[in-house]
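Undergrad: no sequence for this one, just the structure:
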């Protein structure tokens with residue numbers, strides 16, 4: 001490894017993002033099926049994003065769409081518990 005090369009592990013952040021999506025989805029009184037349908041993705045894909053034991057990367061495009069459907073600012077999905085990330 002080069003001296004200037006950094007190693008990044010964002011797995012905890014993706015897990016925390018999944019928790020946040022699930023929290024705001026439930027707050028909006030939507031099921032995974034309903035949110036997935038509005039996002040034009042499968043329920044299985046959304047379930048994998050929200051699952052705490054699966055690290056599933058999310059595009060910014062999908063993140064912005066989730067925030068729009070949930071009627072929240074996108075930054076709220078990226079507010080992480082500092083103790084876990």
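TA: Perfect, thanks for sending it. Only a predicted model underlies this, so the values are computations on that prediction, with no experimental measurement involved. Numbers count the residues shown, from 1 in each chain.
Undergrad: now do the buried residues in stretch 8-18.
TA: Neighbour-count burial for stretch 8-18, counted by 16 or more other CB atoms under 10 Å, picks out 15-18. Every residue, glycine included, has its C-beta placed from N, CA and C.
Undergrad: likewise for stretch 38-54?
TA: Per 16+ other CB under 10 Å, stretch 38-54 contains these buried residues: 46-47, 49-50.
Undergrad: distance between the ends of it?
TA: End-to-end distance of stretch 38-54 (CA to CA, to the nearest Å): 22 Å.
Undergrad: other residues contacting the helix or strand where residue 20 lies?
TA: Using DSSP states H and E, residue 20 maps to helix 11-27. Helix 11-27 is contacted from outside by 32, 35, 46, 49-52, 54-58, 63, 66, 70, 72, 76-81, 84-85, using CB atoms under 8 Å, 6 or more residues apart in numbering.
Undergrad: what mean pLDDT does it get?
TA: Helix 11-27 carries an average pLDDT of 96.
Undergrad: where along this structure do the helices fall?
TA: With helices called from DSSP state H, the chain shows them at 11-27, 32-39, 43-50, 60-70.
Undergrad: now render those as a markdown table, adding distance to residue 5.
TA: Output for these, formatted as a markdown table (distance: least, CB to CB, whole Å):
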| stretch | distance to residue 5 |
| --- | --- |
| helix 11-27 | 19 |
| helix 32-39 | 36 |
| helix 43-50 | 29 |
| helix 60-70 | 25 |
